[in-house]
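J.: this one's structure only:
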């Protein structure tokens, strides 16, 4: 029904992860056919789907799920065609039904919203923790909203006034990254996807503070990790998250996602859609069949 | 009475931290004079001393101690002369008396042993966690022994057979770093102080595992941090540790340190001592007055 373009898609186009195949992993769709009669109740349902498909036999899969299965495939990212297509085949166990009151334009944000929710699954986000999200982009805006639940003050940090307009509208505190002093925040989420953003994030986190990596970036020779050791920083890598709480947030209308939509393209203009999504400061670009 | 040469001293000689002054921060000594009459009970006592001197007025100092005070000085490392000298002036509050049954040759290891103990102050070291220490050097050997308490299997990883001889003698499991597969360990302690060691440590830690940084190193262009994000690694910087448990371990004879001594030099041959300590594979070099 609808697909979203993620920064990971753009990275893959540039060569990240060596993936070749059909791109795309953020979607809402409708079940058109099932391989197994036992699953016929799913026919016609409006669904979203988790993106990791595990072997279902290893200790990781059995104990924790497919996200770190060494033999996993990942929809549109690793070893499995993604959803920038008219149809996609995906295991029924990866599907979740979308509540009726969540429109397609919101449901398509379930996957990135789950990735934001993942942070709260990994650590206690304290209501007293001064918190910053570096990078007020697509994922950063979801992370900022999710971190603010429970009374935590979250500051969205960007480099340009234009990049702070939407977080401002969403009621988040905003600021320019470089205007904040070293060691300003207890918790910093790096969501820029570039090494300059990582360097700023490391600069801004206080001694004994926590730095969450919500993205990856190419290595760089000016990367100085001394502060990790001297200031005893805790770095936490954070990737895919749980869909059920993300759907509950969308159902309750507790996260603003519609305002994050930039525009939509039909699937047969996918190249133009990807080019649009790659422009600096662009919000979520969607694709429809 | 006795001083130890640490890899940090050698890094400072090469320019790290921009320190100029008297080097040295690992020591055991005797209190020869006190500035305040109230402290006269300390006169003549054999002592070790913590190395961070805080402002005693900031929130860090008042809540947690001087280790991350933004205005701290650090003995022989930052803003304060160290102990490669006949005498050193140090606040009485930094001193701990050495138990009588701990010889000088063991007491001089209190500071690096405390740094190893710091790991257990920061996290639960589970008895079931497959654990590796990359770098079987001076600090690595202490970390390995400390991590093994409570039944945890610790593997000391090095690049040469010679580097594994001492950990073998100490009863630790040993192996060659490059012979272990990716994702082999739940907990990896990086104690090499070079970027190659960091890259190996990151390679060896399993998804959702923990990587402890016990040292720093110069940045490098081939540093790829993608795994931190994709495998959701938890990185924990780890610096100075608590002296009291380190002294208890030495008093109980539960950590072998004497076997780690390479040789000793008189203080007036300090340059030769530093050159000796800088040779690859060398154990602890001590200095005496």
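T.: Thanks, I have the structure now. It should be emphasised that the depicted structure is a prediction, and the values quoted were computed from it without experimental measurement. Residues are numbered from 1 along each chain as shown, chains lettered A, B, ... in the order given.

J.: Now do the contacts for the most centrally placed residue in chain A.
T.: With distances taken as C-alpha atoms, centre = their mean, residue A:112 lies nearest the centre of chain A, 3.2 Å away. Residues near residue A:112 by C-beta atoms under 8 Å, 6 or more residues apart in numbering or on different chains: A:4, A:6, A:26, A:138-139, A:142. Backbone N, C-alpha and C define where each C-beta goes, glycine included.

J.: Now render these as a markdown table, adding pLDDT.
T.: Putting these into a markdown table (pLDDT from 0 to 100) gives the following:
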| residue | pLDDT |
| --- | --- |
| A:4 | 98 |
| A:6 | 94 |
| A:26 | 98 |
| A:138 | 91 |
| A:139 | 95 |
| A:142 | 97 |
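
J.: a markdown table for the residues you listed, including distance to residue B:90?
T.: Listed next are the contacts of residue A:112 as a markdown table, based on distance: C-beta to C-beta, whole Å:
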| residue | distance to residue B:90 |
| --- | --- |
| A:4 | 60 |
| A:6 | 55 |
| A:26 | 59 |
| A:138 | 53 |
| A:139 | 49 |
| A:142 | 51 |
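
J.: Can you list the buried residues in the top helix by length along chain A?
T.: Ranked by number of residues, the top helix in chain A under DSSP state H is helix A:110-122. By neighbour count on 16 or more other C-beta atoms under 10 Å in any protein chain shown, the buried set for helix A:110-122 is A:110-120, A:122.

J.: follow-up on the earlier one: closest one of the contacts of residue A:112 to residue A:162?
T.: residue A:138 (14.8 Å; C-beta to C-beta).

J.: Would you check that that closest one makes contact with residue A:8?
T.: No: counting by C-beta atoms under 8 Å, residue A:8 is not a contact partner of residue A:138; they are 10.5 Å apart.

J.: Look up the pLDDT of the closest residue to chain B within the stretch 51-200 of chain A for me, please.
T.: Residue of the stretch 51-200 of chain A nearest chain B, by C-beta to the nearest C-beta: residue A:68 (3.7 Å). According to the prediction, residue A:68 has pLDDT 96.

J.: tell me the phi and psi of it?
T.: phi -120, psi 20 (degrees, to the nearest 10).

J.: Does the closest residue to it other than its chain neighbours belong to a helix, a strand or coil?
T.: With sequence-adjacent residues excluded and distances taken as C-beta to C-beta, 6 or more residues apart in numbering or on different chains, residue A:68 is closest to residue B:207, at 3.7 Å. At residue B:207 the chain is in strand, as set by DSSP: H, G, I helix; E, B strand; the rest coil.

J.: Quick check: residue B:207 touching residue B:232?
T.: Yes: counting by C-beta under 8 Å, residue B:232 is a contact partner of residue B:207 at 6.3 Å.

J.: which neighbours do the two share?
T.: Counting by C-beta under 8 Å, 6+ apart, the residues touching both residue B:207 and residue B:232 are residue A:68.

J.: Tell me the residues of the stretch 1-150 of chain A that contact chain B?
T.: A:60, A:64, A:68, A:70, A:122 (C-beta under 8 Å from any C-beta of the partner chain).

J.: at 6 Å instead, please
T.: Contact residues (C-beta under 6 Å from any C-beta of the partner chain) of the stretch 1-150 of chain A with chain B: residue A:68.

J.: ranges for the helices of the stretch 1-150 of chain A?
T.: All helices of the stretch 1-150 of chain A, identified by DSSP state H, counting those that start in this stretch, fall at A:7-13, A:59-63, A:104-107, A:110-122, A:138-148.

J.: Adding distance to residue B:154, write these out as CSV.
T.: Shown next, in CSV, are these (distance: least, C-beta to C-beta, whole Å):
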stretch, distance to residue B:154
helix A:7-13, 37
helix A:59-63, 22
helix A:104-107, 48
helix A:110-122, 26
helix A:138-148, 36
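
J.: Contacts only, for residue A:53.
T.: A:66, A:73, A:91 (C-beta atoms under 6 Å, 6 or more residues apart in numbering or on different chains).

J.: tell me the contacts of the first one?
T.: Under the criterion of C-beta under 6 Å, 6+ apart, the contact list for residue A:66 reads A:52-54, A:72.

J.: which of those residues count as buried?
T.: If we count by 16+ other C-beta under 10 Å, those have these buried: A:52-54, A:72.

J.: of all the residues you listed, which comes closest to residue B:176?
T.: residue A:72 (29.4 Å).

J.: Is that closest one in contact with residue A:52, as I believe?
T.: Yes: counting by C-beta atoms under 6 Å, residue A:52 is a contact partner of residue A:72 at 5.2 Å.

J.: Quick one: low-confidence residue ranges for the stretch 151-289 of chain A.
T.: A:218-222 (pLDDT under 70).

J.: Break down it into its strands, ranges please.
T.: A:154-158, A:173-176, A:185-190, A:205-213, A:234-237, A:261-266, A:284-288 (DSSP state E, counting those that start in this stretch).

J.: What of the stretch 1-150 of chain A?
T.: Here the stretch 1-150 of chain A has its strands, by DSSP E, counting those that start in this stretch, at A:2-4, A:26-30, A:46-49, A:52-53, A:73-75, A:79-80, A:95-97, A:131-134.

J.: out of the ones you listed, deepest packed?
T.: strand A:131-134 (a mean of 30; mean count of other C-beta atoms under 10 Å in any protein chain shown).

J.: chain center to that strand: distance?
T.: Relative to its chain's centre, strand A:131-134 lies at 15 Å (C-alpha atoms, centre = their mean, to the nearest Å).

J.: Over to stretch A:84-94?
T.: With C-alpha atoms, centre = their mean, you get 19 Å for stretch A:84-94.

J.: What residues sit buried inside it?
T.: Buried, per 16+ other C-beta under 10 Å, within stretch A:84-94: A:84-85, A:88, A:90, A:94.

J.: again, but for stretch A:13-21
T.: Neighbour-count burial for stretch A:13-21 [16+ other C-beta under 10 Å]: A:16, A:19.

J.: Please list the outside residues in contact with that stretch.
T.: A:12, A:77, A:81.

J.: Endpoint to endpoint, that stretch covers what distance?
T.: Taking C-alpha to C-alpha, to the nearest Å, stretch A:13-21 runs 11 Å from one end to the other.

J.: can you check stretch A:183-194 too?
T.: Note: stretch A:183-194 ends 20 Å apart using C-alpha to C-alpha.

J.: how close does residue A:132 get to residue A:175?
T.: Going from residue A:132 to residue A:175 by C-beta to C-beta, to the nearest Å gives 8 Å.

J.: what is in contact with these two at once?
T.: Common neighbours of residue A:132 and residue A:175 (C-beta under 6 Å, 6+ apart) are A:155, A:157.

J.: doesn't residue A:81 make contact with residue A:73?
T.: No: judged on C-beta under 6 Å, residue A:73 makes no contact with residue A:81 at a distance of 9.5 Å.

J.: mind listing what's buried in stretch A:30-38?
T.: Result for stretch A:30-38 [16+ other C-beta under 10 Å]: buried residues residue A:31.

J.: do the same with stretch A:257-264
T.: A:257, A:260-262, A:264.

J.: and that stretch, how far out from the chain's middle?
T.: 15 Å.

J.: Over to stretch A:196-211?
T.: 20 Å.

J.: first vs last residue of that stretch, how far apart are they?
T.: 15 Å.

J.: go on, stretch A:153-172?
T.: End-to-end for stretch A:153-172, by C-alpha to C-alpha: 8 Å.

J.: quick one: furthest residue from the center of chain A?
T.: Chain A, farthest from centre, C-alpha atoms, centre = their mean: residue A:37 at 33.7 Å.

J.: Distance-wise, check it relative to residue A:56.
T.: Taking C-beta to C-beta, one finds residue A:37 at 20 Å from residue A:56.

J.: Tell me where the stretch 151-289 of chain A has helices.
T.: Here the stretch 151-289 of chain A has its helices, by DSSP H, counting those that start in this stretch, at A:161-169, A:195-204, A:226-230, A:243-251, A:270-277.

J.: Quick one: list the elements packing against the longest one.
T.: Contacts defined by 3 or more C-beta pairs under 6 Å, 6 or more residues apart in numbering or on different chains; DSSP states H and E place helix A:195-204 against strand A:131-134, strand A:185-190.
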